[in-house]
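Undergrad: Coordinates only, no sequence provided:
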Ligand code: PMP
């Protein structure tokens, strides 16, 4: 891809110049968190240097400026995900918060014996809140199985859906394997019985520009820190009619219309779900991160990352004993692997000594590891600022680690 100037892009990420254990950093833990470009850092410095103030209630200039920038970020996010209305975007502290907000409120709609469906590929944050909800309500959790390619078995999902199904939750992209799930089909099928669908977009959002209206998703959740933004902020998209029906998650300031000791009435959307002082700077920086990524272009990002994925897959497969988990027909740039007879943790530790950052373990997706009957994998996850040379170092590093450990 000659149009993609990765060297120019890398200049926006100061951290990529640093050394780790005496080697230039090769950062392949992007699925855990992405690195931060200068324009996002500038937005953070600008906020604290020039207009740090609490939002919404202040009559003074700084408060109004901060409010305008924060609400401006909400609109940027609305446009990015093509939500119909800005108040369908709820600021959260991240994906986990968004899922808990919905799962908690959904208790209102469930009774004993109702069914909720989860996919076998979920992150723990999209399993545990629903299990807690089942305990509270007596609803039953059903699981869409996966196959050896790391793909969900759609025909089994079709069999699970019935009039007792009230909510389906599935990630758009699996963090453990990179599989892109057929969420359009899943949403359509779930809607045919009136069930709501929550899509965990945490791993998709850095690579795929989701259109929540075209998908017809009821809820879509993401974290800013996986898409060049800061930690501690994310959004929940919810269709207006669902957000109006869901009860508030937390009580406090900002989320009320009137309060007295007899009765409190709640504010309208989005404030009903935004109790307390939010991560103002984080929300603004999230907007800056979206501007940055959109300027590069999601199609260009996806195309370049796909080339990185194909190159790395081919090279890694040349290593004897290499087992890659999850070779879905459609996947993002994630490679989860093991080498026969070696523990992933040992490989990861040796790679770190060579300045190469990967993740090892179960990746908060123990059911996926159980499916493959393994304790964990080494996971290399790529971003648009990675290079083919870095992948060569990864491949050489794995070979070296293998030699040292065998
Ligand atoms: N879902 C998926 C698919 C993820 O990859 C992650 C982050 N690893 C989460 C949810 C949780 O995101 P956060 O920790 O930012 O709340």
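TA: Arrived safely, thanks for sending. Everything numeric in this text was worked out from a predicted model, so none of it was measured. Numbers count the residues shown, from 1 in each chain.
Undergrad: What about whatever residue of the stretch 301-406 of the chain ends up closest to the ligand, how many residues nearby?
TA: Per CB to the nearest ligand atom, residue 364 is where the stretch 301-406 of the chain lies closest to the ligand, at 5.8 Å. In this view, the C-beta of every residue, glycine as well, is placed from N, C-alpha and C. As a burial measure, residue 364 scores 16 neighbours (other CB atoms under 10 Å).
Undergrad: Residue 94 and residue 230 touch, don't they?
TA: No. In this structure residue 94 lies outside contact range of residue 230 using CB atoms under 8 Å: 10.3 Å.
Undergrad: Spit out the residues that contact those two alike.
TA: Each of residue 224 lies in contact with both residue 94 and residue 230 under the rule CB atoms under 8 Å, 6 or more residues apart in numbering.
Undergrad: returning to that earlier point: who's in contact with the closest residue in space to the residue of the stretch 301-406 of the chain closest to the ligand that isn't next to it in sequence?
TA: Spatial nearest neighbour of residue 364, excluding adjacent residues (CB to CB, 6 or more residues apart in numbering): residue 124 at 4.5 Å. The neighbours of residue 124, taking CB under 8 Å, 6+ apart as the test, are 364, 365, 366.
Undergrad: Could you check how far the second one is from residue 219?
TA: So the one you mean is residue 365. Computed as CB to CB, to the nearest Å, the residue 365 to residue 219 distance reads 20 Å.
Undergrad: Show me what from the chain comes close to the ligand.
TA: Taking CB under 6 Å from any ligand atom, the part of the chain that reaches the ligand is made up of 94-96, 123, 125-126, 171, 175, 200, 202-203, 223, 364.
Undergrad: could you redo the last one with a cut-off of 8 Å?
TA: Applying CB under 8 Å from any ligand atom, we find that the chain lies next to the ligand at 31-32, 93-99, 122-123, 125-126, 171, 173-175, 200, 202-203, 221, 223, 225-226, 231, 234, 363-365.
Undergrad: residue ranges with poor pLDDT in the stretch 1-150 of the chain?
TA: The stretch 1-150 of the chain contains residues with pLDDT under 70 at 1-2.
Undergrad: Can you give me the domain assignment for the chain?
TA: Here the domain parsing of the chain from automatic domain parsing is 6-30+297-405, 41-295.
Undergrad: Contact partners for the residue most central in space within the chain?
TA: The residue lying closest to the centre of the chain (CA atoms, centre = their mean) is residue 202, at 1.0 Å. Residue 202 is in contact with 95, 123, 171, 175, 221, 222, 223, 226, counting by CB under 8 Å, 6+ apart.
Undergrad: The fourth one against residue 362, yeah?
TA: So the one you mean is residue 175. No. Using CB under 8 Å, residue 175 is not in contact with residue 362; the gap is 10.7 Å.
Undergrad: Give me the more crowded residue out of the two.
TA: Applying other CB under 10 Å to residue 175 and residue 362 shows that residue 175 carries more neighbours, namely 29 against 17.
Undergrad: one step back: now render the contacts of residue 202 as CSV, adding distance to residue 354 and secondary structure.
TA: Output for the contacts of residue 202, formatted as CSV (distance: CB to CB, whole Å; DSSP: H, G, I helix; E, B strand; the rest coil):
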residue, distance to residue 354, secondary structure
95, 31, helix
123, 28, coil
171, 31, strand
175, 24, coil
221, 35, strand
222, 32, strand
223, 29, strand
226, 25, helix
